[in-house]
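> Mind folding the following:
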Amino acid sequence: MLSQIDHIAIAVEDLDQALAAYRDGLGLELDRVEEVSAEKVKVAFLPLPEGHAEIELVQPTDPETGIGRFLAKRGEGLHHICFRVEDIEAAMSRLTAQGIRLLEEQPRVGSRGQKYVFLHPKSANGVLIELYQLP
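Numbering: from 1, shown residues only. Below you'll find the predicted structure:
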């Protein structure tokens, strides 16, 4: 069902400060910074070497979003791990048949046409997992 890790998302209070660690300190290349108005976040995309996955630094633009509430409750750190799937609807059906809770009944569509859905952290040992189908 899973093909590979697509990205690891890290919730941050200050994108510029986080870039100092990940870009300047660790030497990851910054691909782009994008404001995702539908999610009310600003995201820095840093591909990992070999280009098979990336780190996403996610800063809320509104404290009432999921990322904003996450930061208020838990502070900065790992927010979720995203895995690629070939067929997101089939993956969702399989997971719900196994009793795994999803946060949405239908996948969302991102700015680049990707379909995505999140598994409830209580169904994955406290880890928020995202499934991603590329367009």
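> any chance you could map the helices in this protein?
Under the criterion DSSP state H, the chain carries helices at the ranges 15-19, 66-74, 88-97.
> Please save the CA atoms from the first one in CSV.
Below are the C-alpha coordinates for helix 15-19, written out as CSV (Å, rounded to 0.1, in the frame of the first residue of the first chain):
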residue,chain,number,x,y,z
LEU,A,15,10.0,29.9,9.7
ASP,A,16,13.2,32.0,9.4
GLN,A,17,14.6,30.8,12.7
ALA,A,18,13.9,27.2,11.6
LEU,A,19,15.6,27.7,8.3
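> Give me the distance between the residue of the chain positioned farthest from its centre and Leu2.
The centre of the chain is farthest from one residue, Ala97, which by CA atoms, centre = their mean lies 23.8 Å away. According to CB to CB, to the nearest Å, Ala97 and Leu2 sit 17 Å apart. For the C-beta atoms, the positions are set from N, CA and C on the backbone; glycine is no exception.
> Likewise for Glu50?
Computed as CB to CB, the Glu50 to Leu2 distance reads 18 Å.
> just Leu28 next, same as before
24 Å.
> Could you pull out the strands in the chain for me?
Listed in chain order, the strands found in the chain under DSSP state E are 2-11, 32-36, 41-47, 54-60, 77-85, 108-109, 115-119, 129-133.
> Could I get those strands in JSON lines, plus columns for distance to Arg69, mean pLDDT and mean neighbour count?
Formatted as JSON lines, the entries for the strands of the chain read as follows, by distance: least, CB to CB, whole Å; pLDDT from 0 to 100; neighbours: other CB atoms under 10 Å:
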{"stretch": "strand 2-11", "distance to Arg69": "10", "mean pLDDT": "94", "mean neighbour count": "17"}
{"stretch": "strand 32-36", "distance to Arg69": "16", "mean pLDDT": "94", "mean neighbour count": "12"}
{"stretch": "strand 41-47", "distance to Arg69": "12", "mean pLDDT": "97", "mean neighbour count": "20"}
{"stretch": "strand 54-60", "distance to Arg69": "9", "mean pLDDT": "98", "mean neighbour count": "22"}
{"stretch": "strand 77-85", "distance to Arg69": "11", "mean pLDDT": "97", "mean neighbour count": "18"}
{"stretch": "strand 108-109", "distance to Arg69": "18", "mean pLDDT": "94", "mean neighbour count": "14"}
{"stretch": "strand 115-119", "distance to Arg69": "14", "mean pLDDT": "97", "mean neighbour count": "20"}
{"stretch": "strand 129-133", "distance to Arg69": "17", "mean pLDDT": "96", "mean neighbour count": "20"}
